[in-house]
Structure formats: structure tokens, C-alpha cells
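In: only geometry, no sequence info:
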């Protein structure tokens with residue numbers, strides 16, 4: 001049992017290693033490789049828990065280890081990445097620090113809230129934008145800015161992105177869990193179809209398509225909440 005329990009923890013360890021390497025690359029000015037390391041960490045994070053359940057070896061240690069690794073890979077790493085990107089672009093030096101720290105703080109609060117609220121292994125929906133999704137959106141923005149915009153840098157877009165992603169993480173908006181590879185129910189088929197449809201353009205045009213799709217998912221919780229509010233108000237008026 002202990003040997004089986006160590007396998008998912010090794011995946012989490014790889015997640016943590018990618019986060020640490022991303023910080024090192026970002027501090028050295030290699031922003032795009034650092035961004036992709038955060039994305040790789042996100043894929044590893046998506047499967048360590050599923051692997052533990054598949055091997056029938058979930059543990060409280062694994063849950064806590066995963067959460068601590070997430071603080072590094074999806075909190076500290078993207079915050080350092082954005083801070084390095086914004087370096088020297090604004091007269092107010094404190095502003096990039098404040099924005100990036102806000103992202104880190106909201107991410108840590110999001111993880112803490114998840115840890116005290118989680119009741120089972122499988123989650124149908126999340127409350128607040130999951131921190132790996134927020135980190136992936138931040139990383140995708142850096143890739144888009146460096147590879148598509150190239151020399152054009154918009155510091156205010158980066159600052160606004162930190163604020164928006166941070167607030168979405170601590171919000172009460174609902175977000176769907178990572179789709180299961182199942183077609184048993186209509187919801188499973190729908191979510192799996194959307195995931196595949198989103199993956200194809202990202203795989204073909206990663207630099208151009210990744211950020212728009214990641215950002216669209218990030219704000220989807222707020223959009224769904226707003227649409228439900230409008231629909232319910234229209235029904236109430238009738």
C-alpha cells in the first residue's frame with residue numbers, strides 16, 4: 001500500500017519541481033520556458049489525485065502535499081513570472097509587487113478554502129476559479145505577449161490580469177471540474193466535447209490560441225452567473 005501511495009506523490013513532486021524550475025527560469029529572464037513549465041505543472045496536478053484514486057491509495061498526506069506544491073507552482077511561480085515581466089515597465093515600482101502579491105494571496109486563500117470545504121474525492125464543480133487555471137491563464141498571457149505581441153508590452157494589461165484572476169479565485173462563481181474521460185451522461189459528453197474542441201486549436205496554434213481560450217474559461221464563471229441573474233430577473237418580471 002505504501003509503495004502504491006508513493007506513486008501519486010512522485011507526480012506531485014514533479015509538479016513541485018516544475019514550479020521551482022519556473023521560478024528559476026523567470027528570475028533568469030527566460031519567461032516563455034518558465035510559463036510552459038507552469039502549464040506542465042498544471043497537467044501533472046490534474047492527474048495526481050486521479051492516479052491516487054485509480055490505484056486506490058488516496059491519503060491525507062497526499063492531499064496536503066499536493067496543496068503545498070500548488071502554492072509554489074500556481075501561486076509563487078506565476079506571481080514571480082508576472083513580476084519579472086513587469087520589471088522596469090512602470091515608474092511606480094510598488095505597483096507590480098502589489099498586483100503580483102495580490103494574485104499570490106488570493107491563490108493561497110483559494111487553496112485554504114478548498115482544503116476546508118472538500119468532502120469527497122470527486123468534485124462536480126468548484127467554488128471560485130481553481131488556482132491551476134488561474135496560473136495557466138497567467139502563463140498563457142506571458143507566452144502570448146512575448147511570442148505574438150513580441151516587442152509590444154502592455155503593463156496595465158498584466159496588472160489588470162493579476163487583479164481579475166485574483167478576485168475570480170476568491171469569488172463564489174461556479175466552475176466545472178476537470179472533465180472525466182467518460183460519455184456515460186450527457187454532462188460528461190458535453191464537457192469532454194468542449195475540452196477536446198478547446199485542446200485542438202491550442203495544440204495547433206499554442207502561442208496564439210492558448211491565452212484567449214484560457215482567459216475565456218477563467219471568466220466563464222462570472223459570465224454564467226451574470227446570465228443566470230439576467231434570466232431569473234426576466235422570469236421574475238413576467
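Out: Arrived safely. Remember, predicted model here, so these are calculated numbers, not experimental data. Numbering: from 1, shown residues only.

In: tell me the SS of residue 175?
Out: Put simply, residue 175 is strand when judged by DSSP: H, G, I helix; E, B strand; the rest coil.

In: report the separation between it and residue 168.
Out: In this structure, residue 175 and residue 168 are 9 Å apart, going by C-beta to C-beta, to the nearest Å. Just so you know, the C-beta spots here come from the backbone N, C-alpha and C atoms, and that holds for glycine as well.

In: also residue 17?
Out: Between residue 17 and residue 168 the distance is 27 Å, computed by C-beta to C-beta.

In: more neighbours: those two, which one.
Out: When neighbours are counted by other C-beta atoms under 10 Å, residue 17 and residue 168 differ, and residue 168 comes out ahead with 23 against 17.

In: now name the helix or strand holding the more buried one.
Out: According to DSSP states H and E, residue 168 maps onto helix 155-169.

In: mean confidence score for that helix?
Out: Across helix 155-169, the average pLDDT comes to 94.

In: now do stretch 215-233
Out: In this model, stretch 215-233 has a mean pLDDT of 85.

In: quick check: neighbours shared by residue 175 and residue 168?
Out: By C-beta atoms under 8 Å, 6 or more residues apart in numbering, residue 175 and residue 168 have these common neighbours: 128-129, 221.

In: now, which of those residues sits nearest residue 77?
Out: Closest approach to residue 77 among the shared contacts of residue 175 and residue 168 (C-beta to C-beta): residue 129, at 16.7 Å.

In: pull the distance from stretch 147-162 to the chain's centre.
Out: Averaging C-alpha positions (C-alpha atoms, centre = their mean, to the nearest Å) puts stretch 147-162 18 Å from its chain's average.

In: next one: stretch 82-94
Out: 22 Å.

In: which other residues reach it?
Out: Contacts with stretch 82-94, where a contact means C-beta under 8 Å, 6+ apart, come from 26-27, 29, 31, 96-97, 99-100, 103, 138, 142, 145, 153, 155, 158-159, 161-162.

In: so which of those belong to helices?
Out: Assigned to helices by DSSP state H, the following of these qualify: 26-27, 31, 96-97, 99-100, 103, 138, 142, 145, 155, 158-159, 161-162.

In: for residue 214, state which of those is nearest.
Out: Here the nearest of the ones in helices among the contacts of stretch 82-94 to residue 214, counting by C-beta to C-beta, is residue 138; it sits at 8.8 Å.

In: low-confidence ranges, this structure, go.
Out: In the predicted model, the chain carries pLDDT under 70 at residues 1-5, 49, 52-53, 55-58, 118-124, 150-153, 178-185, 187-188, 232-238.

In: quick check: residue 114 vs residue 132, distance?
Out: Per C-beta to C-beta, residue 114 is found 11 Å from residue 132.
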